[in-house]
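Trainee: Build me a model from this:
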Amino acid sequence: MGMTDHPERNKVADAVHAIQERMQAACRRSGRDPAQVRLLAVSKQQPADRVQAAVAAGHRFFGENRVQEARDKMALVSGDGVQWHLIGPLQRNKARLAASLFQMIHSVDSLALAQQLSACRSVDGATPPSPLPVLMQVNIGLEPQKQGVAPEEAPALARAMAALPGIALRGLMAIPPQTATAAAARPYFRALAALARKIEGQNIPDLSMQELSMGMSHDFEIAIEEGATWVRVGSALFGER
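Mentor: Model (predicted):
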């Protein structure tokens, strides 16, 4: 793989820094510590050299939608401390591969998938020393075409997931309905944060709700104001695909 020319690398670097400045401003507005919010660069359908340019700019966290596309890209990208997160739907037959490739899976939306991931992480009945961090995907707008568990079912699923070996439930993820303005997404982000607090308040053993994966290119600042710890930014970072 040839390295991109410098203009391309500089463009990605400038975009990374611009997004980070906007994230820090959103943290200041809402009285949050910027260290609590991380940028997940959505690298799906982006060529490996653009991802490498982001790594060269100091960025380390990347989100992919498809397991096989991610596996092929990982082989072409190098850098210390690079983390890959799965943010797209995961089929159960790809669970073993996903569990071996990703540092976090944001899109667990059923007990069956959680059980499959748990089984994949257990080798000969022994679980690895560090469980795989996962997030539960919630269909916060109750849209029929979207993945995710219904909000009212989330506490019971959280309790069941927390009991599984090999995985660690760390919080919630959502993709709210498309809104005409960024501000119109605020109630959905607020609802996801409230749901996380409700689940946290049940004091379920081996469960943490510290992570909220919400907000994308058009509304990540609103998401940060409402408690996001991961914002998933693609087009604002890499340009339109």
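
Trainee: Give me the below-cutoff pLDDT ranges for this structure.
Mentor: 1-5, 123-128, 241 (pLDDT under 70).

Trainee: Okay, strands next: where are they in it?
Mentor: For the chain, applying DSSP state E gives strands covering 38-42, 61-64, 83-86, 104-108, 132-137, 167-173, 211-213, 230-233.

Trainee: Quick one: closest of those strands to residue 97.
Mentor: strand 83-86 (10.2 Å; C-beta to C-beta). The way it works is simple: take the backbone N, C-alpha and C, and place the C-beta from them, glycine included.

Trainee: Give me the contacts around the closest one.
Mentor: Residues from elsewhere that reach strand 83-86 (C-beta atoms under 8 Å, 6 or more residues apart in numbering): 40, 60-65, 67, 70, 74, 98, 101-107, 230.

Trainee: In that strand, which residues are buried?
Mentor: 84, 85, 86 (16 or more other C-beta atoms under 10 Å).

Trainee: Over to stretch 130-139?
Mentor: By neighbour count on 16+ other C-beta under 10 Å, the buried set for stretch 130-139 is 131, 132, 133, 134, 135, 136, 137, 138, 139.

Trainee: That one: end-to-end distance?
Mentor: Stretch 130-139 has an end-to-end distance of 28 Å (C-alpha to C-alpha, to the nearest Å).

Trainee: what does that stretch rub up against?
Mentor: So stretch 130-139 is contacted by 99, 102-109, 114, 117, 121, 146-151, 154, 157-158, 161, 165-175, 192, 195, 211, 213 (C-beta under 8 Å, 6+ apart).

Trainee: chain center to it: distance?
Mentor: The chain centroid and the centroid of stretch 130-139 are separated by 9 Å under C-alpha atoms, centre = their mean, to the nearest Å.

Trainee: Please apply the same query to stretch 75-86.
Mentor: That offset, for stretch 75-86, works out to 15 Å (C-alpha atoms, centre = their mean).

Trainee: Now do the same contact list for the residue nearest to residue 143 when sequence neighbours are not counted.
Mentor: Closest residue to residue 143 apart from its sequence neighbours, by C-beta to C-beta, 6 or more residues apart in numbering: residue 177 at 5.9 Å. If you count contacts by C-beta under 8 Å, 6+ apart, residue 177 has them with 141, 143, 188.

Trainee: how deep is the last one tucked in, by neighbour count?
Mentor: By other C-beta atoms under 10 Å, 22 other residues sit near residue 188.

Trainee: Which residue comes closest to it once chain neighbours are left out?
Mentor: residue 176 (3.5 Å).

Trainee: And the first one, by the same measure?
Mentor: Nearest in space to residue 141, with sequence neighbours left out and distances taken as C-beta to C-beta, 6+ apart, is residue 177 at 3.9 Å.

Trainee: on that earlier part again, of the contacts of stretch 130-139, buried ones?
Mentor: 99, 102, 104-109, 114, 117, 121, 146-149, 151, 154, 157-158, 161, 166-175, 192, 195, 211, 213.

Trainee: The residue positioned nearest the centre of the chain: what's it in contact with?
Mentor: Residue closest to the average C-alpha location in the chain (C-alpha atoms, centre = their mean): residue 106, at 4.7 Å. Taking C-beta under 8 Å, 6+ apart as the contact definition, residue 106 lies against 63, 85, 86, 87, 134, 135, 137, 173, 213, 230.
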